[in-house]
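# Requesting a structural model of the entry that follows:
(one chain, ligands or ions: 1)
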Amino acid sequence: MNRDAFLAAVSGRLIVSCQAGHGHPFRDTSAIVRMALAAVEGGAAAIRCGGVGGVADVAAVRAAVDLPVVGLTKDPGADVFITPTVAAALAVVAAGADVVAVDGTVRPRPDGRSLRDTVSAVHEAGRLVMADVATFEDGLYAAAAGADVVGTTLSGYTTGGTPPEEPDLDLVARLVQALPSVPVIAEGRYRTPHEAGAAMRTGALAVVVGTAITDPVRITRDFVRGVEDGRPEAGR
Ligand SMILES: CC(=O)N[C@H](C=O)[C@@H](O)[C@H](O)[C@H](O)COP(=O)(O)O
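This is a model prediction of the structure:
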């Protein structure tokens, strides 16, 4: 799939991130495939997958759905943890992803290669790159390195503290304005349809939603809190 075809396929639409971390009850490739099939049925434009499930999840989702697949690996213990090396990016290519999501921050990468090297390797393999960034500076760096799209995925996750509750719409707005020729995908902590719509109104090409759609543990916790807050004794 070429860049124009991917951009056309996802423009103005929802991408669903189908992932589950180690120890999660859904940490099973066949469960991830079912999440992806549910997302297809609900109208998703593309599936983002891989993560700690790695290339096995990417290959299984690729085989099960006809939509574009954005693949990644994840090394949860590391600072640079999303598809951090050229070798990891090429493994995601080999698993059949149309787009490889890679760490797009300015931080040094564990293989000592530059983001530009990583982008070139993926392009030479005929696939596209989504650069997952945390800051405005990262976004400019990733665009200069040749990324096809920039995602706000890592905002709030690189400084060591607790991430905020809200999505980073301000980063979307600033990158949209600064990067007229590199589309911006809003990703990270979009919890409601209204917030996803706000990202589109801010100029995002598309919105990626994971947890709010695919993590029943988190959804249950939110409802537990709501129910507990509503107990008669809670208001006293
Ligand atoms: C920071 C990080 O590791 N993000 C990961 C990237 O693939 C996933 O764990 C997220 O679920 C994904 O970005 C979607 O975001 P949210 O689940 O908030 O809708």
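# for stretch 49-62, what is the average pLDDT?
Throughout stretch 49-62, pLDDT has a mean value of 98.
# next one: that stretch to chain centre, how far?
For stretch 49-62, the distance from its own C-alpha centre to the chain's C-alpha centre is 13 Å (C-alpha atoms, centre = their mean, to the nearest Å).
# Begin at 50, not 1, for the rest of this chat.
Sure thing, new numbering starts at 50, so read that last one as stretch 98-111.
# residues making contact with it?
Under the criterion C-beta atoms under 8 Å, 6 or more residues apart in numbering, residues 66-71, 76, 78-79, 81-82, 85, 96, 118-123, 125, 132, 140-141, 143-146, 150 lie in contact with stretch 98-111. Backbone N, C-alpha and C define where each C-beta goes, glycine included.
# doesn't residue 151 make contact with residue 178?
Yes: at 6.0 Å, residue 178 counts as touching residue 151 under the criterion of C-beta atoms under 8 Å.
# residues contacting the closest residue to the ligand within the chain?
In the chain, the residue that lies nearest the ligand is residue 259 (2.9 Å; C-beta to the nearest ligand atom). By C-beta under 8 Å, 6+ apart, the residues touching residue 259 are 65-68, 97.
# hey, where'd the helices end up in the protein?
Taking DSSP state H as the criterion, the chain contains helices spanning 52-59, 78-91, 103-113, 135-143, 164-173, 185-193, 218-227, 242-250, 260-263, 265-278.
# For these, give me TSV that also has mean neighbour count.
Listed next are these as TSV, based on neighbours: other C-beta atoms under 10 Å:
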stretch	mean neighbour count
helix 52-59	15
helix 78-91	17
helix 103-113	21
helix 135-143	21
helix 164-173	19
helix 185-193	20
helix 218-227	19
helix 242-250	15
helix 260-263	19
helix 265-278	11
